[in-house]
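Student: have a look at this fold, sequence not included:
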């Protein structure tokens, strides 16, 4: 059964139709990407899921239950790391647990054993400003997954990094994901990133966004850190083709 | 990847040297001018004479500094409490903010010269009118700083907290309030420099004791040296308060001092 399902979801912000009859689903343990041009409304889907935006029409179900505002199904990782500059790394990492009402001590006990895997060991007492971009992003990811929510929502998590750091982070992330298998939804406009990380990819059109393609990526992992295979190239080419030859309003 | 936090001891002291030199040379020029021109000390007393007066009148100055300090601290404590409580109310109720903010702005347009005698008239020669005047003068910069500070919270951090399921109160305590702290301290520094001046002015208008009274009496008996002696004390008082604020700021905003922060 799908862990997350969107059925006929449409959203209009004022006069602008942003999402038009979106249907998608995510199975447990699956990595699904939502790929689309910039400004297509990819992030709007996350805003719906995190209840930052009310659902106007359609249906969202989570493990069969209708989505309600605070049912705690999602952990959200924003585009920029959104680490609080006034909190030390350890206190940033426990933020989500604190919000859930976990005591500081228990929250720390939960986070500390994970630091090594996220390359943050020895940095827990640092402030975010003292960390490199890649480390901050890893901290943001750890802050997300430690919340223990069923689905991780990743909003262009590597978009703000420089190209080299991004590649390193993607490779590192793939390895982490392979051990942890967090059910994840990734929003991105980076075709290569989507192909490298996803089990399935939904391609969105320009505004108003519709799902114009659903592509399965049957390439064995790990896919990164080695020369890309022909199958990956073929999928990337197909995705680009779909994105470039779509209908809809020109941006 | 780690950028260590550099500690350069003595750098703060070295940075202070230009300021000390400029202040010292200003006093030196003043002193030299008074001695060479032979101007009457009733017109312009030399700095050395002012210092001498401080030493001679130390008991008088101390006894009168205490009430001024009391008024300053009580007024500032009141102002801080009111500014903070109001800022929270205004942050949670934008409609109230729109209704009340003009009143606060108007409160800042009232000339102290006109309002001080009235407040003394209403509340007498005791501590109360001084406390109220200090509070009136100092609360606005802090209130504005807090309200602006809340508004400057990174929207991504707020979105993130709401996505975590945080309540309005949790967002306020964990995101908006800490975000406002740098702004608050900027307002606090402005406020604290007004506080002593306001207290002295309130005393000047009517009081039984205080630096304002010392200044008033000295002026009336043509003693500019004693006026300036009281002025020096009041300046020192303000400087001490300013330094204390800076110290608290350093502790609270420790995170801003780390390397790599802009």
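Tutor: Perfect, I can see it now. What you are looking at is a predicted structure, and each value in this text was computed from that prediction instead of being measured. Residues are numbered from 1 along each chain as shown, chains lettered A, B, ... in the order given.
Student: all contacts plus neighbour counts: C-alpha atoms, from now on.
Tutor: OK.
Student: can you map out the strands along the stretch 1-150 of chain B?
Tutor: Read by DSSP state E, counting those that start in this stretch, the stretch 1-150 of chain B holds no strands at all.
Student: what's the burial count for the residue of the stretch 101-250 of chain A found nearest chain B?
Tutor: Residue of the stretch 101-250 of chain A nearest chain B, by Cα to the nearest Cα: residue A:129 (5.4 Å). Residue crowding around residue A:129 was assessed by other Cα atoms under 10 Å in any protein chain shown; the count is 23.
Student: does it touch residue A:86 like I think?
Tutor: No. With contact defined as Cα atoms under 8 Å, residue A:129 does not reach residue A:86; the gap is 9.3 Å.
Student: tell me which residue is most central in chain B.
Tutor: Centroid-nearest residue in chain B: residue B:192, 0.9 Å away (criterion: Cα atoms, centre = their mean).
Student: so that residue makes contact with residue B:243?
Tutor: No. If you go by Cα under 8 Å, residue B:192 and residue B:243 don't touch, sitting 10.1 Å apart.
Student: who touches residue B:211 in this structure?
Tutor: Shown in contact with residue B:211 (Cα atoms under 8 Å, 6 or more residues apart in numbering or on different chains): B:61, B:64-65, B:68, B:200, B:203, B:230, B:234.
Student: over to residue B:116?
Tutor: B:133, B:201-202, B:205.
Student: adding secondary structure, pLDDT and distance to residue B:31, write those out as JSON lines.
Tutor: Converted to JSON lines, the contacts of residue B:116 look like this (DSSP: H, G, I helix; E, B strand; the rest coil; pLDDT from 0 to 100; distance: Cα to Cα, whole Å):
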{"residue": "B:133", "secondary structure": "helix", "pLDDT": "93", "distance to residue B:31": "36"}
{"residue": "B:201", "secondary structure": "helix", "pLDDT": "91", "distance to residue B:31": "28"}
{"residue": "B:202", "secondary structure": "helix", "pLDDT": "91", "distance to residue B:31": "32"}
{"residue": "B:205", "secondary structure": "helix", "pLDDT": "88", "distance to residue B:31": "32"}
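Student: quick one: which of these is nearest to chain A?
Tutor: Distance to chain A across the contacts of residue B:116 (Cα to the nearest Cα) is lowest for residue B:133, with 34.7 Å.
Student: hang on, the closest one packs against residue B:198?
Tutor: Yes. Assessed by Cα under 8 Å, residue B:133 is found in contact with residue B:198 at 6.5 Å.
Student: what residue ranges in the stretch 101-250 of chain A score low on pLDDT?
Tutor: Counting by pLDDT under 70, the stretch 101-250 of chain A contains low-confidence ranges at A:247-250.
Student: okay, strands next: where are they in it?
Tutor: A:151-155, A:183-188, A:200-204, A:211-216.
Student: out of those strands, nearest to residue A:243?
Tutor: Among the strands of the stretch 101-250 of chain A, the nearest to residue A:243 by Cα to Cα is strand A:200-204 (7.5 Å).
Student: what's that closest one packed up against?
Tutor: Helices and strands touching strand A:200-204, by 3 or more Cα pairs under 8 Å, 6 or more residues apart in numbering or on different chains; DSSP states H and E, are strand A:31-35, strand A:211-216, helix A:230-244.
Student: show me how far the lowest-mean-pLDDT helix or strand in chain B is from its chain's centre.
Tutor: Sorting the helices and strands of chain B by mean pLDDT, DSSP states H and E puts helix B:94-109 at the bottom, at a mean of 87. With Cα atoms, centre = their mean, to the nearest Å as the basis, helix B:94-109 stands 22 Å off its chain's centre.
Student: tell me the contacts of residue B:254?
Tutor: By Cα under 8 Å, 6+ apart, no residues touch residue B:254.
Student: what sits against residue B:145?
Tutor: Taking Cα under 8 Å, 6+ apart as the test, what residue B:145 contacts is B:180, B:183-187.
Student: can we see that at 6 Å?
Tutor: B:183-184, B:187 (Cα atoms under 6 Å, 6 or more residues apart in numbering or on different chains).
Student: so which of these sit within helices?
Tutor: Members of these lying in helices (criterion: DSSP state H): B:183-184, B:187.
Student: emit the PyMOL select command for whichever of these are buried.
Tutor: With 16 or more other Cα atoms under 10 Å in any protein chain shown as the criterion, this PyMOL line picks the buried residues out of the ones in helices among the contacts of residue B:145:
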select buried, chain B and resi 183+184+187
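Student: and the ones in helices among the contacts of residue B:145, which is closest to chain A?
Tutor: residue B:183 (13.7 Å).
Student: surely the closest one meets residue B:147?
Tutor: No. Residue B:183 lies out of contact with residue B:147 (Cα atoms under 6 Å); the separation is 9.0 Å.
Student: measure the residue lying farthest from the centre of chain A to residue A:115 for me?
Tutor: Distance from the C-alpha centroid of chain A, by Cα atoms, centre = their mean, peaks at residue A:105 (28.4 Å). Per Cα to Cα, to the nearest Å, residue A:105 is found 16 Å from residue A:115.
Student: got it, and residue A:16?
Tutor: Taking Cα to Cα as the measure, residue A:16 and residue A:115 are separated by 43 Å.
Student: where does pLDDT dip in chain B?
Tutor: Residues of chain B meeting the criterion pLDDT under 70: B:1-12, B:259-262.
Student: by residue count, what's the longest helix in it?
Tutor: Per DSSP H, chain B has its longest helix at helix B:58-92.
Student: please apply the same query to chain A.
Tutor: helix A:163-180.
Student: between strand A:183-188 and that helix, find me the angle.
Tutor: 160 degrees (axes from the mean of the first three to the mean of the last three Cα atoms, to 10 degrees).
Student: residues in contact with helix A:163-180?
Tutor: For helix A:163-180, the surrounding residues in contact (Cα under 6 Å, 6+ apart) are A:158, A:224.
Student: same check, this time on stretch B:37-57
Tutor: Residues contacting stretch B:37-57 (Cα under 6 Å, 6+ apart): B:31, B:34, B:225, B:229.
Student: redo that, cut-off 7 Å
Tutor: B:27, B:30-31, B:34, B:222-226, B:228-229 (Cα atoms under 7 Å, 6 or more residues apart in numbering or on different chains).
Student: stretch A:33-44 too?
Tutor: For stretch A:33-44, using Cα under 7 Å, 6+ apart, the contacting residues are A:18-19, A:155, A:185-189, A:194, A:198, A:200-207, A:209.
Student: can you report how many residues lie near residue 236?
Tutor: All of this is about chain A. With other Cα under 10 Å as criterion, residue A:236 counts 19.
Student: looking at chain B here, not the other one
Tutor: Counted with other Cα under 10 Å, residues neighbouring residue B:236 total 12.
Student: residue A:43 too?
Tutor: Residue A:43: 21 neighbours (other Cα under 10 Å).
Student: got a pLDDT number for it?
Tutor: pLDDT for residue A:43: 86.
Student: how far away is it from residue A:203?
Tutor: 13 Å.
Student: next one: residue B:26
Tutor: 72 Å.
Student: swap in residue A:121?
Tutor: From residue A:121 over to residue A:203 (counting by Cα to Cα), the distance is 38 Å.
Student: comparing those two, which residue is more hemmed in?
Tutor: residue A:203 (25 against 13).
Student: got a list of what the more buried one touches?
Tutor: Contacts of residue A:203 (Cα under 7 Å, 6+ apart): A:34-36, A:211-214.
Student: need the buried ones from these selected in PyMOL.
Tutor: Filtering those down to the buried ones (16+ other Cα under 10 Å) takes a single PyMOL command:
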select buried, chain A and resi 34+35+36+211+212+214
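Student: and the contacts of residue A:203 as TSV, adding distance to residue B:122?
Tutor: Shown next, in TSV, are the contacts of residue A:203 (distance: Cα to Cα, whole Å):
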residue	distance to residue B:122
A:34	69
A:35	70
A:36	69
A:211	73
A:212	76
A:213	78
A:214	78
